[in-house]
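What would the 3D arrangement of this be:
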Amino acid sequence: MSTAPRLSFLKGHGTENDFVIVPDLDGSLELSAAAVARICDRRAGIGGDGLIRVVRASAHPEARAMADQAEWFMDYRNSDGSIAEMCGNGVRVFARYLQRAGLAEAGDLAVATRAGVRRVHIAKDAGDAAQPVEATAGSDGPITVVMGEATLPGPGPEAEITVTVGEHSWPARNVNMGNPHAVAFVDDLAQAGDLLAAPAVRPASAYPHGTNVEFVVDRGPRHVAMRVHERGSGETRSCGTGACAVMVAAARRDGADPAVTGHPVTYTVDVPGGRLVISERPDGTVEMTGPAVIVAEGELDPAWLGTDLG
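Numbering: from 1, shown residues only. Down below sits the predicted model:
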């Protein structure tokens, strides 16, 4: 029997985009890509769309430069073990963990990510939310994340994107939310297929490290629904940065640009796992509001991970 200390973990989700949370506050743990993939395996592991390691910014080499702005760093990995710049639903779940652990209180919080510092507001209850959202069983007040500004390329090959699934092809909009997205508006979400494999995106030069792909339909005025293939994870029940990219793409398609009009724009974005409310401000800042829930906690046996655990 192994005498090595066991590894604590929690399980949480934001609109059913689910994560394994590994507290490593002082940055003493190293998880290989293989270890992350094993932990996120839905049959032989805990299961999750990704893994979130909670580390003090001052203890992580990629975050030390942000330590004067944010105490905590979200070390996010996709379910295949690859590193990702950002995860919008993950930031909310990260903040909920900090609140649960007594490391943060309701109110404002700064979180360091590979895409920069993200500002978070943890509502005390639903009435404290910046935008109304549907309650989720087991959740406290919704969490709003300041997601930063969207980047849209100017005219040229990087703006002329095509997404293909089977025999269907659509023009798509290239939107970067700290990570890359290709947003395609379709007639029916079923046209996206099973999304087990990544849709073909052209030109490949527009996304040298791959991309997330969103398929979008209209549900009503400033109300859309989406499905997503997340780079490194496959189809997920929700994608926070993807919902933000969809909101910006839909606003531009509809002729709305807060930087031009001086008025904020808000869209409701339905995902398979729930609902998010996304706003874009005149200064270009995008904000996302939604639920975050911790559902379980336990221990992993490092003997099970073997040499994958450093």
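
from here on, contacts and neighbour counts on C-alpha atoms
Noted.

burial of the nearest residue to residue 185 once chain neighbours are set aside, as a residue count?
Spatial nearest neighbour of residue 185, excluding adjacent residues (CA to CA, 6 or more residues apart in numbering): residue 216 at 4.7 Å. The number of residues packed near residue 216 is 27, by other CA atoms under 10 Å.

Local confidence estimate at residue 216?
pLDDT recorded at residue 216 is 98.

next one: residue 126
Looking at residue 126, its pLDDT stands at 57.

What distance do you get for the most centrally placed residue in the chain to residue 207?
Nearest to the mean C-alpha position of the chain, by CA atoms, centre = their mean, lies residue 87 at 2.5 Å. Distance of residue 87 to residue 207, computed by CA to CA, to the nearest Å: 18 Å.

ok, back up a step: okay but the residue nearest to residue 185 is in contact with residue 226, surely?
Yes. Counting by CA atoms under 8 Å, residue 226 is a contact partner of residue 216 at 4.4 Å.

Give the buried residues for the helix or strand bottoming out on mean pLDDT in the chain.
Every helix and strand of the chain was ranked by mean pLDDT, DSSP states H and E. The lowest is helix 302-305, at a mean of 83. Residues of helix 302-305 classed as buried under the neighbour-count rule (16 or more other CA atoms under 10 Å) are 302, 305.

quick one: pLDDT of the nearest residue to residue 219 once chain neighbours are set aside?
Spatial nearest neighbour of residue 219, excluding adjacent residues (CA to CA, 6+ apart): residue 225 at 6.5 Å. On pLDDT, residue 225 comes in at 98.

Determine the number of other residues adjacent to residue 152.
Residues lying near residue 152 (other CA under 10 Å) number 16.

from what I can see, the residue nearest to residue 185 looks like it's in a strand, true?
Yes. Assessed with DSSP: H, G, I helix; E, B strand; the rest coil, residue 216 lies in a strand.

List the residues that contact it.
For residue 216, the contacting residues are 183, 184, 185, 186, 189, 224, 225, 226, 227, 246, by CA atoms under 8 Å, 6 or more residues apart in numbering.

doesn't residue 214 make contact with the second one?
To tie it back to what came earlier, the one meant is residue 184. Yes. Counting by CA under 8 Å, residue 184 sits close enough to residue 214 to count as a contact (6.1 Å).
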